[in-house]
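J.: Compute the structure for the input listed below.
(one chain, ligands or ions: 1)
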Amino acid sequence: MPPFDVPEGDPFGPHNLPYGVFSLAGSDHRSVGVRLGDHVLDAGAAAVELGSPYATLLARTSLNPLLAAGRTAWSDVRRALTAWVTVPAHRESVAPLLHPLSEVTLHLPFEVADYVDFYASENHARNVGRIFRPDAEDSLTPNWKHLPIGYHGRAGTVVVSGTDVVRPAGQRKAPADPAPVFGPSVRLDIEAEVGFVVGTPSAMGTPVPLGDFRDHVFGLCLLNDWSARDLQAWEYVPLGPFLGKSFATSVSAWITPLDALEDARVAPPTRTHPLLPYLDDTSEDPGGYDLRISVAVNGHVVSAPPFSTMYWTAAQQLAHLTVNGASLRTGDLYGSGTVSGASDGERGSLLELTWNGRDTLELPDGKRTFLEDGDVVTLTAWAPGPDGTRVGLGEVTGRIAPGA
Ligand code: MN
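T.: Numbering: from 1, shown residues only. This is a model prediction of the structure:
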């Protein structure tokens, strides 16, 4: 039997240990927690109980102090936590500090500093190009293979999994319409993505090279970049997405440390164009991650996007994000871009799954093109772990509430 009664094969066993922030029923005190099976360990209380020097990082109300402490501290804390939940001598101290997940409220685990979102899936970019620019000679824009395209999102509307998403209102105008109209979006969509969480800051004026990625990025989470396609289509030329995406971005409550994903590292797809030196990762360690994502609408799986197909890696995105001298802050979050594989069943947005509403998705409760009020979208994922195990990522779920 694995330590502390976690069933063999549980994707949230002691090989995983993602971090979150929780409170107990009837209390508004927030604590840093670590997930173990279907329980959450009060990591701060455990650190205090065991006299650990890491109490200063864990007995806090958000992950920010731990994020800011840097890579050596991240490894040391993870080693200590692993011992606390596996060494039998700690069992008596630690067991009372494990709370069933069903009895806690999970919160946004860190203070989001800046939020940006990329566009790193070649399949997604080509699908979008074919849908919106059907007459273009190439479905990719001329810059796509030369730099990871991104836009600045809205940090203040990043919400934790489980938060309702209110259908946004705004302007829309189809090409044939004589004038724009205002009202609730009628093309509300999802984007299945992975979010990367920056821990160690960087100085303004100093780019972060590819090889320093793991010194700065603490971990990753699932991310849903909710998108109002009708608002987006009317507003995005020439400066990119704005109100069509800034109303809400959902992240999972659990941040999986990169140290838990060593066995999931894979080489990205073969590069078809030469890269400028600051993006050239041919001599670097593999920068891709093999994450198997699943997208469900009202509990019905509609897609299985493979993260290993992403053309641009998170390390390249970080290098590009800072190459102009822009600094990083603790809590910066960047999204990978919609994850879409090569086949129809691997597309990470309804835009692609229904080809902008031309086709319908068959759900047990009816047909869909875009999301209806009351729909619940849930992203889950796992990655290969050590010795044939699976590393589970925390789910990100959200329900569409009617707009005003
Ligand atoms: Mn996106």
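
J.: Any idea how far stretch 293-312 is from the middle of the chain?
T.: A distance of 12 Å separates the C-alpha centroid of stretch 293-312 from that of its chain, computed with CA atoms, centre = their mean, to the nearest Å.

J.: Run the chain-centre distance for stretch 138-147.
T.: 24 Å.

J.: Any idea which residue of the stretch 201-350 of the chain lies closest to the ion?
T.: Nearest to the ion in the stretch 201-350 of the chain, going by CB to the ion, is Asp225, at a distance of 3.4 Å. Quick note: C-beta positions are derived from backbone N, CA and C, even for glycine.

J.: For that residue, which non-adjacent residue is closest in space?
T.: In space, and not counting its chain neighbours, Asp225 is closest to Glu191: 3.8 Å by CB to CB, 6 or more residues apart in numbering.

J.: Low-confidence ranges, the chain, go.
T.: 1-3 (pLDDT under 70).

J.: residues from it in reach of the ion?
T.: Asp117, Glu191, Asp225 (CB under 5 Å from the ion).

J.: was I right about the first one contacting Asp225?
T.: Yes - with contact defined as CB atoms under 8 Å, Asp117 reaches Asp225; the gap is 5.7 Å.

J.: related to what we said a few turns ago, what about the residue nearest to Asp225? Give its phi and psi, please.
T.: phi -140, psi 120 (degrees, to the nearest 10).

J.: Could you do Ser23 as well?
T.: When read as degrees, to the nearest 10, the backbone of Ser23 gives phi -130, psi 160.

J.: repeat for Gly183
T.: Main-chain torsions, Gly183, degrees, to the nearest 10: phi 170, psi 180.

J.: What separation do you get for it and the ion?
T.: Distance, Gly183 to the ion, by CB to the ion, to the nearest Å: 23 Å.

J.: Spit out the contact partners of that residue.
T.: With CB atoms under 8 Å, 6 or more residues apart in numbering as the criterion, the residues that contact Gly183 are Ala169, Arg172.

J.: Identify the bridge partners of it.
T.: Counting by DSSP bridges, Gly183 is bridged to Gly170.

J.: Neighbour-wise, give me the winner out of the residues of the chain next to the ion.
T.: Neighbour tally across these (other CB atoms under 10 Å): the maximum, 29 neighbours, falls on Glu191.

J.: Now do the same contact list for it.
T.: Asn224, Asp225, Trp226, Ser227, Gly335, Gly337, Thr338, Gly348, Ser349.

J.: what does Val94 give?
T.: Counting by CB under 8 Å, 6+ apart, Val94 makes contact with Phe4, Leu41, Ala46, Glu49, Leu50, Trp84, Val85.

J.: Remind me which helix or strand it belongs to.
T.: According to DSSP states H and E, Val94 maps onto helix 91-94.

J.: pull the CA atoms of that helix into CSV?
T.: Output for helix 91-94, consisting of C-alpha atoms alone and laid out as CSV, is shown next (Å, rounded to 0.1, in the frame of the first residue of the first chain):
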residue,chain,number,x,y,z
ARG,A,91,2.3,9.9,10.1
GLU,A,92,1.0,10.7,13.5
SER,A,93,1.8,14.5,13.1
VAL,A,94,0.6,14.8,9.6
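
J.: Following it in sequence, what is the next regular element?
T.: Counting by DSSP H and E, the next helix or strand C-terminal to helix 91-94 is strand 98-100.

J.: For that next one, list every residue counted as buried.
T.: Of the residues in strand 98-100, those buried under the neighbour-count criterion (16 or more other CB atoms under 10 Å) are Leu98, His99.

J.: Then stretch 102-112?
T.: For stretch 102-112, the buried set under the neighbour-count rule, 16+ other CB under 10 Å, comprises Val104, Leu106, His107, Leu108, Pro109, Phe110, Val112.

J.: pretty sure the first one contacts Leu24?
T.: By that I understand Val104. Yes - in this structure, Val104 is within contact of Leu24 by CB under 8 Å, at 6.0 Å.

J.: can you give me the helices in the stretch 101-250 of the chain?
T.: For the stretch 101-250 of the chain, helices defined by DSSP state H, counting those that start in this stretch occupy the ranges 122-132, 213-216, 229-235.

J.: Pick the most deeply packed of those helices.
T.: Greatest average neighbour count among these goes to helix 229-235 (a mean of 22), per mean count of other CB atoms under 10 Å.

J.: Tell me the helices and strands packed up against that one.
T.: If you count contacts as 3 or more CB pairs under 8 Å, 6 or more residues apart in numbering; DSSP states H and E, helix 229-235 packs onto strand 169-172.

J.: contact partners of the strand it packs on?
T.: Here strand 169-172 makes contact (CB under 8 Å, 6+ apart) with 180-186, 228, 230-231, 233-235, 243-244, 403-404.

J.: in it, what counts as buried?
T.: For strand 169-172, the neighbour count (16+ other CB under 10 Å) marks Ala169, Gly170, Arg172 as buried.

J.: Same question for stretch 246-261.
T.: Using 16+ other CB under 10 Å as the test for burial, stretch 246-261 gives 246-261.

J.: Restricting to C-alpha, output that stretch in CSV.
T.: Taking C-alpha atoms only, stretch 246-261 is exported to CSV below (Å, rounded to 0.1, in the frame of the first residue of the first chain):
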residue,chain,number,x,y,z
SER,A,246,-10.8,39.9,-21.1
PHE,A,247,-14.1,39.1,-19.3
ALA,A,248,-12.8,35.9,-17.7
THR,A,249,-9.9,33.4,-17.8
SER,A,250,-10.3,30.3,-15.6
VAL,A,251,-7.3,28.4,-14.0
SER,A,252,-7.2,25.2,-12.1
ALA,A,253,-6.9,25.4,-8.3
TRP,A,254,-3.8,23.3,-8.3
ILE,A,255,-0.4,24.3,-9.6
THR,A,256,1.7,21.4,-10.6
PRO,A,257,5.4,22.0,-10.0
LEU,A,258,7.6,21.4,-13.0
ASP,A,259,9.6,19.1,-10.8
ALA,A,260,6.7,16.7,-10.8
LEU,A,261,6.7,16.6,-14.6
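
J.: Cool, thanks, signing off.
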